[in-house]
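*Asks:* curious how this folds, go ahead:
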Amino acid sequence: MTTIASTRRSDYGMTCVQCGDLLIAPEWSEYEDERHVLNLWSCSRCGCRFETAALVPADAESVSDDVAVRAFFPSLLVA
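*Replies:* Residues are numbered from 1 along each chain as shown. The predicted structure follows:
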């Protein structure tokens with residue numbers, strides 16, 4: 001399997017490196033450390049599987065504020 005830099009993106013995800021089909025989300029992601037993410041992509045059109053490596057900028061802010069986290073991930077518990 002080939003790892004490529006994540007530069008072949010569309011507006012919403014990634015384009016297949018073999019057929020150019022739009023891929024919305026990776027099949028699998030692995031966080032190597034705070035700045036490096038590997039994504040495994042799988043194309044349903046041609047069956048091509050490939051990895052991309054993404055680098056998170058060093059100046060990116062972490063979302064550790066509880067209010068912000070609750071706004072994006074509301075509780076699923078219903079009383």
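*Asks:* which stretches in the chain count as helices?
*Replies:* Counting by DSSP state H, the chain forms helices over residues 66-72, given from the N-terminal end onward.
*Asks:* give me the low-pLDDT residue ranges for it?
*Replies:* Low-confidence regions of the chain, defined by pLDDT under 70, span residues 1-12, 60-66, 68-69, 71-79.
*Asks:* at 80 instead, please
*Replies:* Filtered on pLDDT under 80, the chain yields the residue ranges 1-13, 56-79.
*Asks:* can you map out the strands along it?
*Replies:* Taking DSSP state E, the strands of the chain run over residues 3-5, 14-15, 22-23, 28-31, 36-42, 49-55.
*Asks:* show me what the second one is packed against.
*Replies:* Translated: strand 14-15. Other elements packing on strand 14-15 under the criterion 3 or more CB pairs under 8 Å, 6 or more residues apart in numbering; DSSP states H and E are strand 22-23. Bear in mind the C-beta positions are built from the backbone N, C-alpha and C, glycine included.
*Asks:* now with 6 Å, please.
*Replies:* Counting contacts by 3 or more CB pairs under 6 Å, 6 or more residues apart in numbering; DSSP states H and E, strand 14-15 packs against no other helix or strand.
*Asks:* from Pro57, how far off is the closest residue in space to Arg49 that isn't next to it in sequence?
*Replies:* Nearest residue to Arg49, sequence neighbours excluded (CB to CB, 6 or more residues apart in numbering): Ser42, at 4.9 Å. Ser42 sits 27 Å away from Pro57, taking CB to CB, to the nearest Å as the criterion.
*Asks:* and the two? Which one has more around it.
*Replies:* A side-by-side neighbour count of Ser42 and Pro57, using other CB atoms under 10 Å, places Ser42 first with 13 against 7.
*Asks:* roughly how far does the more buried one sit from Leu55?
*Replies:* Spatial separation of Ser42 from Leu55 under the definition CB to CB is 22 Å.
*Asks:* number of nearby residues for Trp41?
*Replies:* Burial measure for Trp41: 21 neighbouring residues, criterion other CB under 10 Å.
*Asks:* which residues does it bridge with?
*Replies:* Beta-bridge pairing of Trp41 under DSSP bridges involves Phe50.
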